[in-house]
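>>> Fold the following and give me the result.
(one chain, ligands or ions: 1)
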Amino acid sequence: MCGIVGYIGAQKAYPILIEGLRKLEYRGYDSAGIALLDSDHVEVMKSVGRLQQLEDKVGEFVPNGTIGIGHTRWATHGRPCDLNSHPHSDCTGQFVVIHNGIIENYQVLRSWLIREGHSFRSETDTEVLAHLVEHFYSGDLKQAVRCVLEKVKGSYGLVVMSEKDPHRLICARKDSPLVIGLGVGENFIASDIPALLKYTRNTLILEDGELAEVTRESVVVEDCHCNPVEKIIFYVEWDAISAEKEGYEHFMLKEIYEQPKAIRETLRGRITADGLVNIPEINLNQEQIKKLRKVVVVACGTAYHAGLVGKYVFEKLLRLPVEVDVASEFRYRDPLIGADTLVIVISQSGETADTLAAMRLAKAKGSHVVAITNVVGSTVSREADHVILTWAGPEIAVASTKAYTTQLIVLYLLALQLGQTSQLISHEEIITITDAMKNLPADVDSIMHKTEALKEFTQRLSVWNDTFFIGRGLDYAVALEGSLKLKEISYIHAEAYPAGELKHGTLALIVADIPVIALATQPELHEKMWSNIKEVKARDAYVLAITTEGDEETKKEVDAVLEIPATLPLLTPVLTVIPLQLIAYYASVSRGCDVDKPRNLAKSVTVE
Ligand code: M6R
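So this is what the prediction gives:
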């Protein structure tokens, strides 16, 4: 996501900050900015776009400051533009702040600050922090930041600098990483280790609730009760590339493991204390919802597969017919849609050419268009009628993982929100589902600790050039995603079949030892699935079943099992897909493929 750097020492800060930000570019960003303290005066420079645009803007007239902070922003609150870029300043321009994370109560704080006479320049949540520091400052910057932190709710990794106190940087962390790099007569701050490695390998890693006062000569860390904390110096041994991957061998694995956190972010603030759903982005009223005759989901690749899960969810919860279409087909088939159709476009990047064209067509036909995307300011997010962000953080590996699970979460929330507003779903049912959704991050996390069975199965799989994924209902929808993932990064040919359809042709391809992955998580379809598993076992296939904990019957039928935690059947796709992502990953590694950049593929498909 966003990147943070800070420097205090005797060298010119500007090149150090730019270099640090460059090392964080891999995280994705859409604007950049720095603030330097030069002769007791804060100078802020920022620009939308790449770092180079910031450097071009600064040109040759670089302030000389030896204290500074820098930030690369990946837009959340407010589109990418110069004004929304960090650092943000207070009314006087004397206090500057950079921040990663989300201030959840920023709207309340902003209204209060405006009443107190503050004026805001940006649309961001972060700007409230600068004004709050101004409000609370009475001669002690650290104390002012402490008061601010008592007021804010949400997540933050932040650094504050002020010309009122030009010999220190104050930084603090909650749910957003922050690291301090120790030098001699100089110190560094960063959101990630790669930004520090050129200068130092001695680091202090801040924990949640900790605040640090960083000067040229010292770093003093306190906990949330203002008690001093003795930090252990962590010596970084990784090289810069592995540091970007935070110790993971590939971005894809890192992103798979980030899913609990990503799902938490998607859910954040969207379930109320009483268990109802709160998606203000969807402002369709009861009458508008009741007039809808159908829902059409349009997307490509993995996002299309998320849409297929959405079909089951919407039809089950809202009893509204749902069509799911691949965008490149939809746009050329003169679709039967109009003002009575809700069109949901799903796109991680928000820039996929076919999805954009499909969205424009839907708008031209007068449909309500809801976009589900991960990228603020993307074309899809700018052009849709309603936008729901997935908040998954940048996805770097070509193979989509956390984008898929967070798209599923948004689809559940969207169905519940529409059902809640239109009173098509009872509050009791909504609360039952949201309760189970709150457990999903922990459920996903628990699957990540069961990799042994998957690794063993993948050893067998990797020597084959064909494999089959079978499932029924929601399991079939997830099977399609599992098979795409495997094809995409391991180059093993994979077919996903509705299990009941095998005997209509594909069963001819089932031979002894061929790997079959059977998804069997839907209780009302269990017996049907057992019959289908028996069909492939009768041809001596080697079957791995993905089942729910406690399903002893399926276990009896198969060669290997991976159990997912029990949850509501409707929610299982979020869990079932995790082992499938891991299987694809292990297969790709064991076949020596380029996991993060598979052949012939691009992360963002901006051509037809
Ligand atoms: O950015 P989008 O979600 O619109 O991308 C759609 C597909 O190109 C994408 O999901 C693709 O299928 C992934 N590489 C699959 O892992």
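
>>> make it CA atoms for all contacts and neighbour counts henceforth
Fine.

>>> From the structure, what's the count of residues near the residue in the stretch 1-150 of the chain that the ligand sits nearest to?
Using Cα to the nearest ligand atom, the closest approach of the stretch 1-150 of the chain to the ligand is made by G28 at 14.1 Å. G28 has 18 neighbours, counted by other Cα atoms under 10 Å.

>>> Please report phi then psi for it.
Note on G28: backbone dihedrals following degrees, to the nearest 10 are phi 90, psi 140.

>>> The one 10 residues further on now?
Main-chain dihedrals, D38, degrees, to the nearest 10: phi -120, psi 120.

>>> Show me what it is bridged to.
When assigned by DSSP bridges, D38 has beta-bridge partners H41.

>>> The one 10 residues further on now?
Per DSSP bridges, residues listed as beta-bridge partners of V48: S31.

>>> That one and S85 touch, don't they?
Yes - with contact defined as Cα atoms under 8 Å, V48 and S85 form a contacting pair (7.0 Å).

>>> The two: who's more crowded?
A count of neighbours by other Cα under 10 Å puts S85 above the other of V48 and S85, at 31 against 21.

>>> what touches both of V48 and S85?
31-32 (Cα atoms under 8 Å, 6 or more residues apart in numbering).

>>> Would you mind giving the domain segments of this structure?
3-244, 253-438, 447-590 (automatic domain parsing).

>>> Give the rounded mean pLDDT of the longest one.
What that stands for is domain 3-244. For domain 3-244, the mean per-residue pLDDT is 92.

>>> hmm, back to that, kindly reformat the domains of the chain as TSV containing distance to K603.
Formatted as TSV, the domains of the chain follow (distance: least, Cα to Cα, whole Å):
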stretch	distance to K603
domain 3-244	13
domain 253-438	5
domain 447-590	12
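
>>> need the strands for the stretch 451-600 of the chain, in chain order.
466-471, 493-498, 515-520, 542-548, 560-564 (DSSP state E, counting those that start in this stretch).

>>> near the ligand, which residues of this protein?
Counting by Cα under 6 Å from any ligand atom, the residues of the chain close to the ligand are 300-303, 347-350, 352, 398-400, 485, 603-605.

>>> Among the residues you listed, the buried ones, what's the PyMOL command?
Remark: buried members of the residues of the chain next to the ligand, expressed as a PyMOL selection using 16 or more other Cα atoms under 10 Å:
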select buried, resi 300+301+302+303+347+348+349+350+352+398+399+400+485+603
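
>>> now, which of the residues of the chain next to the ligand lie within strands?
S347 (DSSP state E).

>>> Show me the residues of the chain next to the ligand that map onto helices.
With DSSP state H as the criterion, helices contain 301-303, 485 from among the residues of the chain next to the ligand.

>>> quick one: buried residues of stretch 182-200?
Neighbour-count burial for stretch 182-200 flags 182-183, 186-197, 200 (criterion: 16+ other Cα under 10 Å).

>>> From those, pick the one nearest T432.
Distance to T432, by Cα to Cα, is smallest for S191 among the buried residues of stretch 182-200, at 37.4 Å.

>>> residues in contact with that closest one?
S191 sits next to 3-5, 157, 176-179 when contact means Cα under 8 Å, 6+ apart.

>>> Confirm V160 sits in a helix?
No - under DSSP: H, G, I helix; E, B strand; the rest coil, V160 falls outside any helix and is assigned strand.

>>> Nearest residue to it in space, please, no chain neighbours.
Using Cα to Cα, 6 or more residues apart in numbering and skipping residues adjacent in sequence, the residue nearest V160 is V97, 4.6 Å away.

>>> Sheet-wise, list the partners of whichever helix or strand the one you found is part of with their directions.
In the assignment (DSSP states H and E), V97 maps to strand 95-100. Sheet pairing of strand 95-100 (DSSP bridges) gives strand 88-89 (antiparallel), strand 156-162 (antiparallel).

>>> Contacts for the first one, please.
Under the contact criterion Cα under 8 Å, 6+ apart, strand 88-89 has outside partners 95-98, 126-127, 130-131.

>>> Can you point out the buried residues in stretch 401-414?
Buried residues in stretch 401-414, counted by 16+ other Cα under 10 Å: 401-414.

>>> Same question for stretch 162-175.
Across stretch 162-175, burial judged by 16+ other Cα under 10 Å covers 162-163, 166-175.

>>> Equivalent analysis for stretch 582-602, please.
Judged by neighbour count using 16+ other Cα under 10 Å, the buried positions of stretch 582-602 are 582-591, 593, 595-598.

>>> And for stretch 101-113?
By neighbour count with 16+ other Cα under 10 Å, stretch 101-113 contains the buried residues 101-103, 106, 109-110, 113.

>>> Save those residues as a markdown table, and put in distance to R264 too.
Below are these laid out as a markdown table (distance: Cα to Cα, whole Å):
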| residue | distance to R264 |
| --- | --- |
| G101 | 13 |
| I102 | 13 |
| I103 | 15 |
| Y106 | 19 |
| L109 | 23 |
| R110 | 25 |
| L113 | 29 |
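
>>> Looking at the residues you listed, which are in helices?
Counted as lying in helices by DSSP H, out of these, are 106, 109-110, 113.

>>> May I see the buried residues of the helix or strand hosting V313?
Secondary structure assignment for V313, by DSSP H and E: helix 301-318. Neighbour-count burial for helix 301-318, with 16+ other Cα under 10 Å as criterion, is recorded at 301-315, 317-318.

>>> so which of the contacts of strand 88-89 is the most crowded?
Ranked by neighbours (other Cα under 10 Å), those are led by I98, which has 33 neighbours.

>>> Now do the same contact list for that residue.
When contacts are counted by Cα under 8 Å, 6+ apart, I98 touches 4, 69-71, 86-88, 126, 158-160.

>>> quick one, phi psi at the nearest residue to it once chain neighbours are set aside?
Of all residues not flanking I98 in the chain, P87 sits nearest, at 4.8 Å (Cα to Cα, 6+ apart). Main-chain dihedrals, P87, degrees, to the nearest 10: phi -70, psi 150.

>>> between the buried residues of stretch 162-175, which is nearest the ligand?
Distance ranking of the buried residues of stretch 162-175 against the ligand, using Cα to the nearest ligand atom, places D175 first at 26.5 Å.

>>> And the helices in the stretch 501-608 of the chain?
All helices of the stretch 501-608 of the chain, identified by DSSP state H, counting those that start in this stretch, fall at 526-537, 552-557, 572-590.

>>> Comparing these, which stretch has the densest surroundings?
Burial of those is given as mean neighbour count (mean count of other Cα atoms under 10 Å); helix 572-590 ranks first at a mean of 24.

>>> on contacts alone, who are the packing partners of the helix holding V313?
Contact here means 3 or more Cα pairs under 8 Å, 6 or more residues apart in numbering; DSSP states H and E; on that basis helix 301-318 packs against strand 294-299, strand 322-326, strand 341-347, helix 402-422, helix 474-490.

>>> mind checking how far the residue of the stretch 1-150 of the chain closest to the ligand is from C171?
Here G28 is placed at a distance of 22 Å from C171 (Cα to Cα, to the nearest Å).

>>> And for the chain, the residue most distant from the center?
Ranked by distance from the centre of the chain (Cα atoms, centre = their mean), the top residue is A538, with 42.2 Å.

>>> which phi and psi does that one have?
In terms of degrees, to the nearest 10, the main-chain angles of A538 are phi -60, psi -20.

>>> ok, back up a step: make JSON lines from the strands paired with strand 95-100 and add distance to I517 to it.
Output for the strands paired with strand 95-100, formatted as JSON lines (distance: least, Cα to Cα, whole Å):
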{"stretch": "strand 88-89", "distance to I517": "51"}
{"stretch": "strand 156-162", "distance to I517": "41"}
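
>>> Next, the distance between the ends of stretch 597-605.
Using Cα to Cα, the two ends of stretch 597-605 sit 14 Å apart.

>>> just checking, M529 touches A499?
Yes - here M529 reaches A499: they are 6.9 Å apart, a contact under Cα under 8 Å.

>>> Give me the common contacts of these two.
Common neighbours of M529 and A499 (Cα under 8 Å, 6+ apart) are 471-472.
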